[in-house]
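Student: Build the 3D model from these lines:
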Amino acid sequence: MNKIVKIALAVIGVISAILWYQLPGRDVPVGEAAQSGAMNIMFMITYILLFVAVAASLLFTIANLFAHPKKLKKTLMIVAGFLVVVLIAYATSSGTDINIEEMANRGVATTESTVKRIGTGLNLFFFLVVIAIGLMAWGGLKKVISK
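Tutor: I've put the predicted structure just below:
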């Protein structure tokens, strides 16, 4: 398996080096350079390598979680806690924070549901910041008390 990966990486490296020399020069306009066949193939290679890396990472992480039931239980509890925070953030966002008609007059087409989703994201960020600061303070306080 290790030999196959090394050979595949060497082949991808050689193909990438060939494509590098086929890239358009500096004098080519950006619009034409972006449509270059070599550029498109290099992007495809990048996307494929990114997909392989993400898939392998997820596969090994999930396999490791199922191999250790205690870790799986802890991970599921963390995911459930995060989902609870997301639901609280959604419930606390109103969707009427801005004047939608005024935004439409400025050329920004938006709806109340879009504003609610943006508000949810902002609330989620603020809640997670508060939770992180609280956990850091709790850890520091716990260290001070235990000594």
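
Student: Any idea how far apart the tips of stretch 92-99 sit?
Tutor: Start-to-end span of stretch 92-99 (CA to CA, to the nearest Å) is 18 Å.

Student: Distance from the chain centre to it, please.
Tutor: A distance of 26 Å separates the centroid of the chain from that of stretch 92-99, by CA atoms, centre = their mean, to the nearest Å.

Student: For the chain, which residues score under the pLDDT cut-off?
Tutor: By pLDDT under 70, the chain has no low-scoring segment.

Student: per the record, what domains does the protein have?
Tutor: Listed by automatic domain parsing, the domain ranges of the chain are 1-67, 69-147.

Student: Turn those into TSV, columns for mean neighbour count.
Tutor: C-beta coordinates here come from the backbone N, C-alpha and C atoms, glycine included. Formatted as TSV, the domains of the chain follow (neighbours: other CB atoms under 10 Å):
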stretch	mean neighbour count
domain 1-67	11
domain 69-147	12
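
Student: Show me what the helix ranked longest in the chain is packed up against.
Tutor: Secondary structure of the chain per DSSP state H: the longest helix is helix 112-146. Helices and strands touching helix 112-146, by 3 or more CB pairs under 8 Å, 6 or more residues apart in numbering; DSSP states H and E, are helix 69-92.

Student: Show me what the helix it packs on is packed against.
Tutor: helix 37-67, helix 112-146.

Student: Tabulate those (JSON lines), appending distance to residue 29.
Tutor: As requested, these are arranged in JSON lines below (distance: least, CB to CB, whole Å):
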{"stretch": "helix 37-67", "distance to residue 29": "13"}
{"stretch": "helix 112-146", "distance to residue 29": "36"}
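
Student: Of these, give the one that comes closest to residue 28.
Tutor: Residue 28 lies closest to helix 37-67 among those, at 10.6 Å (CB to CB).

Student: how much space between the residue lying closest to residue 86 once chain neighbours are set aside and residue 98?
Tutor: Once flanking residues are discounted, residue 86 sits nearest to residue 124: 6.0 Å by CB to CB, 6 or more residues apart in numbering. Note on residue 124: its distance to residue 98, by CB to CB, to the nearest Å, is 18 Å.

Student: Since that was my last question, I'll sign off now.
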